[in-house]
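**Q** I'll drop the sequence and a predicted model, then ask my questions.
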Amino acid sequence: MTATQIPSPRSGSTIAPQYRRTGSSRGNFEMLAWLFMRLSGVVLVVLIFGHLFVNLLVGEGIHAIDFGFVAGKWADPFWQFWDLAMLWLAMLHGTNGVRTIINDYAEKDATRFWLKMVLYAAAAVIIILGTLVIFTFNPCPVVDGVQLPGGFCPA
Amino acid sequence: MPTKPAGTLYRGREGMWSWVGHRITGVVIFFFLLVHVLDTSLVRVSPEAYTAVIGAYKNPLMALGETGLVAAIVFHAFNGLRIIAVDFWKKGAKYQRQMLWVVLGLWIVTMVAFAIRHLSLALGGH
């Protein structure tokens, strides 16, 4: 009876396929996505709680919200940056969350692929649109030389 | 006397249900976020368009909807902090169940305070 040859552990010689932690084409993307969810989550708690408090709980609350309210906030770079950070972090956090859900429940490769393409397209449109709105906002909109009613125009 | 097997359905108790709640609230918040960026973008169309659409958020039925949305956000926020504690705190996994009850307690306190303030403003005379 011949003895079975057992290689010494971690000699890296015989047992195939060899287990590797890294080396896939995805790199450590999934780990970075996991980390991003936690880091952005903490920041979003602060940003969104602050957003809800200032917009809904102070003064007249929701009744105060109109075009002038937005114009007043975005006249201050502090709130522009706040809203920009909230937009980007929330969209990336939410998109990655929905990506995870699609990966969990869509079983066919094609379904998974197309659902994610729709998701990424929607996310890109919303992020670009929101960013443009924050930075191109005009408190005194003028169309064809006529001031639109409700704007805040210098006298 | 041995009892009948309870079937093969996974019953993960608190850990599983908090995960279910986190997923459902996350999806709800994500879809609201898409709509909310679009409605806010109307400030770039015209002051009247924005004020008209935002007016839709000010009726009594929407006040209840907003309270439900904030309830989803606050649960997702507090449970998210619990998940971070489970992942990064040495004893996080051991105390995950107790932390869920803390999350639910804080959630109720926060939501009672929010609902009183928001509903009295939203439904109050204006």
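**A** It's in.

**Q** how about the CA coordinates for stretch B:38-53, as PDB?
**A** Taking Å, rounded to 0.1, in the frame of the first residue of the first chain, the C-alpha atoms of stretch B:38-53 are listed here in PDB:
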ATOM      1  CA  LEU B  38     -36.600  66.100 -10.200                       C
ATOM      2  CA  ASP B  39     -39.200  68.300  -8.300                       C
ATOM      3  CA  THR B  40     -36.400  70.500  -6.900                       C
ATOM      4  CA  SER B  41     -35.000  70.800 -10.500                       C
ATOM      5  CA  LEU B  42     -38.100  72.800 -11.400                       C
ATOM      6  CA  VAL B  43     -36.500  75.900  -9.700                       C
ATOM      7  CA  ARG B  44     -34.500  75.900 -13.000                       C
ATOM      8  CA  VAL B  45     -37.800  76.000 -15.100                       C
ATOM      9  CA  SER B  46     -39.600  78.800 -13.400                       C
ATOM     10  CA  PRO B  47     -40.500  80.100  -9.900                       C
ATOM     11  CA  GLU B  48     -44.100  79.400 -10.500                       C
ATOM     12  CA  ALA B  49     -43.600  75.800 -11.700                       C
ATOM     13  CA  TYR B  50     -41.500  75.000  -8.600                       C
ATOM     14  CA  THR B  51     -43.900  76.600  -6.200                       C
ATOM     15  CA  ALA B  52     -46.900  74.900  -7.800                       C
ATOM     16  CA  VAL B  53     -45.400  71.400  -7.600                       C
END
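
**Q** what helices or strands is the least confident helix or strand in chain B by mean pLDDT leaning on?
**A** When each helix and strand of chain B is scored by mean pLDDT, DSSP states H and E, helix B:47-55 comes last, with a mean of 90. Secondary-structure packing of helix B:47-55 (3 or more CB pairs under 8 Å, 6 or more residues apart in numbering or on different chains; DSSP states H and E): helix A:67-74, helix B:13-41. Using the backbone N, CA and C atoms, a C-beta is placed for each residue, glycine as well.

**Q** can you list the buried residues in stretch B:59-70?
**A** Of the residues in stretch B:59-70, B:63, B:66-67, B:69-70 count as buried by neighbour count, 16 or more other CB atoms under 10 Å in any protein chain shown.

**Q** just stretch B:111-120 next, same as before
**A** So for stretch B:111-120, counting by 16+ other CB under 10 Å, buried means B:111, B:114-115, B:118-119.

**Q** who in chain B is up against chain A?
**A** For chain B, the residues in contact with chain A (CB under 8 Å from any CB of the partner chain) are B:23, B:26-27, B:29-30, B:33-34, B:37-38, B:40-41, B:43-44, B:46-48, B:50-51, B:54, B:57-58, B:63, B:66, B:70, B:73, B:77, B:80-81, B:83-84, B:87-88, B:114, B:117-118, B:121-122, B:126.
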